[in-house]
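Trainee: take this sequence and fold it.
(one chain, ligands or ions: 1)
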Amino acid sequence: MQAPIQELIPAELQSRFAKARNVLVLTGAGVSAESGVPTFRGGGGAAVWKGMPFDVISSAGMVQQNLQAVWEWFDYRRNLLSELVPNAGHLTIASWQERFPEFTLVTQNVDGLHQKAGSKNVIELHGNIWRARCIACESRFDLRISHPRPDNCISCGERLRPDVVLFGEMLPAGAFELAAERAVRCDLCFVIGTSALVYPAASIPEIAKSAGAYLCEVNPERTPLSNICDEVLSGSAGAILPLIGAATN
Ligand code: BV8
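Mentor: Coordinates of the predicted model:
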């Protein structure tokens with residue numbers, strides 16, 4: 001027999017959630033795990049593609065060295081993703097955008113599942129797997145409608161690459177700055193499904209906390225951020241997030 005919802009979600013968090021005026025959520029690969037998207041570092045291992053760890057195949061150097069291999073890795077992931085749908089965690093976060101006077105969703109994920117769940121104005125710190133970008137003129141192409149995937153830019157003929165931020169690359173202009181500015185202003189910050197190892201994304205909850213936000217982590221495992229959190233809810237996003245909203249209805 002499950003305990004009443006009110007007992008599963010700490011009273012302090014319920015109170016803060018009910019009174020919050022400005023909420024920021026940072027998500028990582030864990031929020032998509034229950035949709036069937038493999039995480040990068042879960043289960044003690046790390047994602048590997050044709051013998052290369054993901055931070056090697058997903059790196060600036062590999063785009064220079066072997067763009068074809070990078071495309072194979074991203075084509076494989078898009079194909080996997082095309083069958084997958086948002087889970088209760090994505091849907092709950094999407095429902096929160098109407099619940100507060102100010103709400104910001106920042107994601108490290110490139111899978112587009114937050115948008116599929118109905119989230120708007122998502123700050124995508126690491127780009128989006130459903131877009132390609134020209135390596136020369138930076139024109140962008142929507143891969144959800146371009147089948148087969150074009151190899152070359154229709155504007156200038158140069159090669160296309162995934163419009164995703166790879167290791168060793170700068171984040172999209174202004175994305176981190178906007179996320180940091182929102183983090184300073186929020187009064188409640190959730191960090192959901194991230195191992196908090198990748199920077200500068202992992203600094204967003206730190207910025208929120210330093211500016212006085214109440215910081216709540218949702219993750220089955222502890223992370224380097226856990227010790228600065230006001231609340232650590234140990235469990236999966238799909239199970240826990242719907243309870244937070246329900247507990248304060
Ligand atoms: C940059 C796209 C400036 C590609 C990705 C300090 C400052 C600045 C930079 C650095 C720094 N130190 C090191 C760096 C360099 C590097 C970095 O951070 N390296 C780390 C690994 C040490 N950062 C960069 O290169 C960034 N660029 O800083 O620009 C610059 C430029 C040049 C030189 C210097 C600086 C760019 C980083 C972006 C890389 N691209 N993704 C792709 O998708 O292939 S990052 C990749 O990791 C994904 O985006 C992913 O989201 C991200 C983080 O991983 P997580 O999302 O946290 O996923 P993970 O699998 O690790 O964890 C899942 C978690 O979910 C776990 O905790 C698990 O317990 C939990 N979980 C599991 N199931 C559930 C769950 N939680 C809830 N519910 C569940 N059901």
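Trainee: C-alpha only now, for contacts and for neighbours.
Mentor: Noted.
Trainee: how about the residues of this protein by the ligand?
Mentor: 28-31, 33-34, 39-42, 58, 108-110, 126, 164-171, 192-200, 218-221, 236-237 (C-alpha under 6 Å from any ligand atom).
Trainee: can we see that at 5 Å?
Mentor: Residues of the chain lying close to the ligand (C-alpha under 5 Å from any ligand atom) are 28-31, 39-41, 58, 108-109, 165-170, 193-195, 198-200, 219, 221, 236-237.
Trainee: for ChimeraX, what selects the buried ones among the residues you listed?
Mentor: Selection command for ChimeraX covering only the buried members of the residues of the chain next to the ligand, criterion 16 or more other C-alpha atoms under 10 Å:
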select :28,29,30,31,39,40,41,58,108,109,165,166,167,193,194,195,219,221,236,237
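Trainee: confirm residue 141 sits in a strand?
Mentor: Yes - under DSSP: H, G, I helix; E, B strand; the rest coil, residue 141 sits within a strand.
Trainee: identify the bridge partners of the nearest residue to it once chain neighbours are set aside.
Mentor: Residue nearest to residue 141 in three dimensions, not counting chain neighbours: residue 132, with 5.1 Å by C-alpha to C-alpha, 6 or more residues apart in numbering. Counting by DSSP bridges, residue 132 forms beta bridges with residue 141, residue 162.
Trainee: where's residue 132 relative to residue 151, distance?
Mentor: Applying C-alpha to C-alpha, to the nearest Å, the value for residue 132 to residue 151 is 9 Å.
Trainee: again, but for residue 171
Mentor: From residue 171 across to residue 151, the span is 23 Å (C-alpha to C-alpha).
Trainee: neighbouring contacts of stretch 133-143?
Mentor: For stretch 133-143, the external contacting residues (C-alpha atoms under 8 Å, 6 or more residues apart in numbering) are 130-132, 149, 152-153, 155-156, 158-163.
Trainee: for the residues you listed, which one is nearest residue 117?
Mentor: residue 130 (15.4 Å; C-alpha to C-alpha).
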